[in-house]
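> Sharing a model that was predicted from the sequence below.
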Amino acid sequence: MSPLDALHDAFGPAACLRAEADIAPYAVDWRGVYRGQPVAVLKPASTAEVSAALLRCAALGLAVVPAGGRTSLCGGVVPAADGPPSVVLSLERMNRLRAVDALDNSLVAEAGCTVESVQLAAAEAGRFFPLHFGAQGSAMIGGALSTNAGGIRTLRYGNARDLVLGLEVVLPDGRVLDDLRRVRKDNSGYALRHLFMGAEGTLGVITAASLKLFPPLVVRETALVAVRTPHEALRLLARCQASGAELVAFELIGRPCIEITLRHGQNIRQPMELSTEWYCLVEAGAAHPALPVREALEAALMAALEAGEAEDVVICESEAQRRNLWDIRETFPTCSRMEAPGLPTDTAVPVSAIPAFLDAAAALIAGGWPEGRMVALGHMGDGNIHLSLQAPPGTAHEDWARRGAGFEERIGEIAVELGGSFSAEHGIGVSKRGAMAALKDPVALSLMRAIKAAVDPAGMMNPGKVLP
Ligand SMILES: Cc1cc2nc3c(=O)[nH]c(=O)nc-3n(C[C@H](O)[C@H](O)[C@H](O)COP(=O)(O)OP(=O)(O)OC[C@H]3O[C@@H](n4cnc5c(N)ncnc54)[C@H](O)[C@@H]3O)c2cc1C
């Protein structure tokens, strides 16, 4: 019996896909950039089945690529094109909520629950799960933790890893690390769970997570503020933070991004006259209706206007207005692709260095790619600006990718020179392994290699990803 027949026999047709058409969606990443052919797709339905799958794959010499919602942007979720024979291990059938505890403010979700379904379950229990990003309807908890996803609320609640109390992980040798804790304090040695978050499936398979919940935000006040420069945006951020209006989000949006969304988005209304080059989407929130969020935010925004540090302010009067502002922000990635090809980046710098980062990026583009246009927006409150080099309309994607060679790497170098990171929230996958080799501290890299060798000595967990 061939190794594949053995797998098929062990898992049955519902949990072991082998037909070309069934496997095809797992052989390409969300952007259609990375391709790698798995020999089979396994869909275990329980932790015990994941354990059995890893044991069998190890015995058969097959590498394992874990998969969640397959929305990651760095190519980590498809087998490496030049790697060993691999199976994709999809967690999509492990989508049960194991527990919700409003008193502990915790929820235990299996890895295949979508981020959105966890938000909804938390809301049903009168609680709030704050992780929020554009792909949340498809992205799954296991994938979000494995990439340590960020999103718009990192400013207040932290990244995905900050929302975790404990994990259940199946190790490459089939053992189960049962660390599904709900306690808030546990200083009993190394915080092992953090090894698996951000590991992008290279150390084991996350099968479930105990997640932190928060009081729901019953008041939200949202505003769009026109500023002339990123420096003014920085001062506005400081004003808002000092105002007492607890910020939930603070996004910086370049004018071209709003124009592009107005051109291609559906049912998007122009929120104000576009008189400046930069806009701040500011949201503050509180868990009790009597808290004076609006007063505090209004006072900060009016002070900025009076100081000449803001040009115009719109404070939302309705949920429809608020939704419109967030639609502008959240539909931009899709609208941008309709406008022209772009070379997106994902870096972070200390918040105070954002103006210097944007100046350096503009100078880089003017010097190296004068035919391109800088479009920038991002999570200013946590220093993560997504900057893209956009091609002139009509340019073919492949042509622009070729002409833009080196751009993403240079932006990563600028971020690192300013004390930041070449990978803010999307991870390393395949696309940033070169940057890992060039820019990551060598001591950190050697520690990572030692951990990988200790946990996965045969190198069968998602080979060709993360580590250069
Ligand atoms: C439109 C759009 C908007 C986005 N916006 C944001 C954003 O604002 N912020 C942000 O951080 N990201 C964003 N992303 C990127 C992406 O959604 C996140 O990286 C997300 O966390 C990936 O989750 P997933 O379930 O799709 O993971 P997948 O793509 O399935 O997998 C990601 C990686 O994790 C590994 N993996 C998956 N599941 C497991 C598991 N159970 N155990 C071990 N390893 C596993 C995979 O092997 C792969 O290496 C966006 C993507 C899109 C398409």
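Thanks, I have the structure now.
> what's the neighbour count on the residue of the stretch 201-350 of the chain found nearest the ligand?
Nearest residue of the stretch 201-350 of the chain to the ligand (Cβ to the nearest ligand atom) works out as Gly201 at 3.1 Å. C-beta coordinates here come from the backbone N, C-alpha and C atoms, glycine included. Neighbourhood size, Gly201 [other Cβ atoms under 10 Å]: 26.
> quick one: it and Arg70 touch, right?
No - using Cβ atoms under 8 Å, Gly201 is not in contact with Arg70, being 11.9 Å away.
> can you list residues touching both of these two?
Contact with both Gly201 and Arg70 is made by residues Val77, according to Cβ atoms under 8 Å, 6 or more residues apart in numbering.
> Okay, Lys43 and Val65: tell me how far apart.
13 Å (Cβ to Cβ, to the nearest Å).
> I misspoke; the intended subject was Pro38.
For Pro38 relative to Val65 (Cβ to Cβ), the value is 7 Å.
> what's the overlap in contacts for those two?
Among the neighbours of Pro38, those also in contact with Val65 (Cβ under 8 Å, 6+ apart) are Val78, Pro79, Ser86, Val87, Val88.
> can you name the two of those that are farthest apart?
Between any two of the shared contacts of Pro38 and Val65, the greatest separation by Cβ to Cβ is 11.9 Å, found for Val78 and Val87.
> Mutual contacts of those two, please.
Shared contacts of Val78 and Val87 (Cβ under 8 Å, 6+ apart): Pro38, Val65.
> So which of Pro38 and Val65 has more stuff around it?
Val65 (28 against 25).
> does that one really touch Leu91, like I thought?
No - assessed by Cβ under 8 Å, Val65 is found out of contact with Leu91, at 11.6 Å.
> near the ligand, which residues of the stretch 1-150 of the chain?
Counting by Cβ under 6 Å from any ligand atom, the stretch 1-150 of the chain comes close to the ligand at 30, 65-73, 76-77, 91, 111, 133-135, 139-140, 142-144, 146-147, 149-150.
> burial measure for the closest residue to Phe11 other than its chain neighbours, as a count.
Nearest non-adjacent residue to Phe11, counting by Cβ to Cβ, 6 or more residues apart in numbering: Leu42, 6.0 Å away. Using other Cβ under 10 Å, Leu42 has 27 other residues around it.
> and Leu42, what does it touch?
Here Leu42 is in contact with Leu7, Phe11, Ala15, Cys16, Leu17, Ala53, Val87, Val88, Leu89, Ser90 (Cβ under 8 Å, 6+ apart).
> do Cys257 as well
Ile328, Phe332, Ser336, Val375, Ala376, Leu377.
> ok, now Leu224?
So Leu224 contacts Pro271, Met272, Tyr279, Cys280, Leu281, Val282, Val313, Val314, Leu325 (Cβ under 8 Å, 6+ apart).
> and these as JSON lines, adding pLDDT?
As requested, those are exported to JSON lines (pLDDT from 0 to 100):
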{"residue": "Pro271", "pLDDT": "96"}
{"residue": "Met272", "pLDDT": "97"}
{"residue": "Tyr279", "pLDDT": "98"}
{"residue": "Cys280", "pLDDT": "98"}
{"residue": "Leu281", "pLDDT": "98"}
{"residue": "Val282", "pLDDT": "98"}
{"residue": "Val313", "pLDDT": "97"}
{"residue": "Val314", "pLDDT": "97"}
{"residue": "Leu325", "pLDDT": "97"}
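> Could I get those residues in TSV, plus columns for distance to the ligand?
What follows is the contacts of Leu224, written out as TSV (distance: Cβ to the nearest ligand atom, whole Å):
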residue	distance to the ligand
Pro271	21
Met272	24
Tyr279	18
Cys280	17
Leu281	14
Val282	17
Val313	25
Val314	24
Leu325	16
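> Sort out for me which of those are in helices.
Per DSSP state H, helices hold the following members of the contacts of Leu224: Leu325.
> Now list the buried members of the contacts of Leu224.
Buried members of the contacts of Leu224, scored by 16 or more other Cβ atoms under 10 Å, are Pro271, Tyr279, Cys280, Leu281, Val282, Val313, Val314, Leu325.
> hang on, the earlier thing: pick out the most distant pair among the contacts of Leu224.
Met272 and Val282 (13.5 Å).
> Next, count neighbours for the nearest residue to Ala149 once chain neighbours are set aside.
Spatial nearest neighbour of Ala149, chain neighbours left out: Ala160 (4.6 Å); criterion: Cβ to Cβ, 6+ apart. Using other Cβ under 10 Å, Ala160 is surrounded by 27 other residues.
> repeat for Phe128
Neighbour tally, Phe128, other Cβ under 10 Å: 20.
> Model confidence at it, what's the number?
Phe128 is assigned 98 on the pLDDT scale.
> Got phi/psi on it?
Taking degrees, to the nearest 10, you get phi -140, psi 130 for the backbone angles of Phe128.
> what's across from it in the sheet?
Listed by DSSP bridges, the beta-bridge partners for Phe128 are Phe214.
> Next up, the contacts around it.
Counting by Cβ under 8 Å, 6+ apart, Phe128 touches Gln119, Ala122, Leu213, Phe214, Pro215, Pro216, Leu217.
> ok, now Ile141?
Per Cβ under 8 Å, 6+ apart, neighbours of Ile141: Gly68, Ala109, Glu110, Ala111, Gly112, Cys113, Thr114, Val115, Val118, Ile206, Ala209, Leu211.
> Need these in CSV (columns: secondary structure, pLDDT and distance to Pro393).
Converted to CSV, those look like this (DSSP: H, G, I helix; E, B strand; the rest coil; pLDDT from 0 to 100; distance: Cβ to Cβ, whole Å):
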residue, secondary structure, pLDDT, distance to Pro393
Gly68, coil, 98, 35
Ala109, strand, 98, 43
Glu110, strand, 98, 44
Ala111, coil, 98, 41
Gly112, coil, 98, 40
Cys113, coil, 98, 40
Thr114, strand, 98, 35
Val115, helix, 98, 34
Val118, helix, 98, 39
Ile206, strand, 98, 42
Ala209, strand, 98, 43
Leu211, strand, 98, 43
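> The nearest residue to Val33 once chain neighbours are set aside and Met374, how far apart?
Closest residue in space to Val33, ignoring its immediate chain neighbours: Gly75 at 6.5 Å, by Cβ to Cβ, 6+ apart. Distance, Gly75 to Met374, by Cβ to Cβ: 24 Å.
> out of those two, which sits in the more crowded spot?
Remark: of Gly75 and Met374, Gly75 carries more neighbours, 25 against 17, as counted by other Cβ under 10 Å.
> And the pLDDT for the more buried one?
On the pLDDT scale, Gly75 gets 95.
> Next, Ala366: secondary structure please.
Look at Ala366: counting by DSSP: H, G, I helix; E, B strand; the rest coil, its state is helix.
> What distance do you get for it to the ligand?
Separation of Ala366 from the ligand (Cβ to the nearest ligand atom, to the nearest Å): 28 Å.
> Great, nothing more from me.
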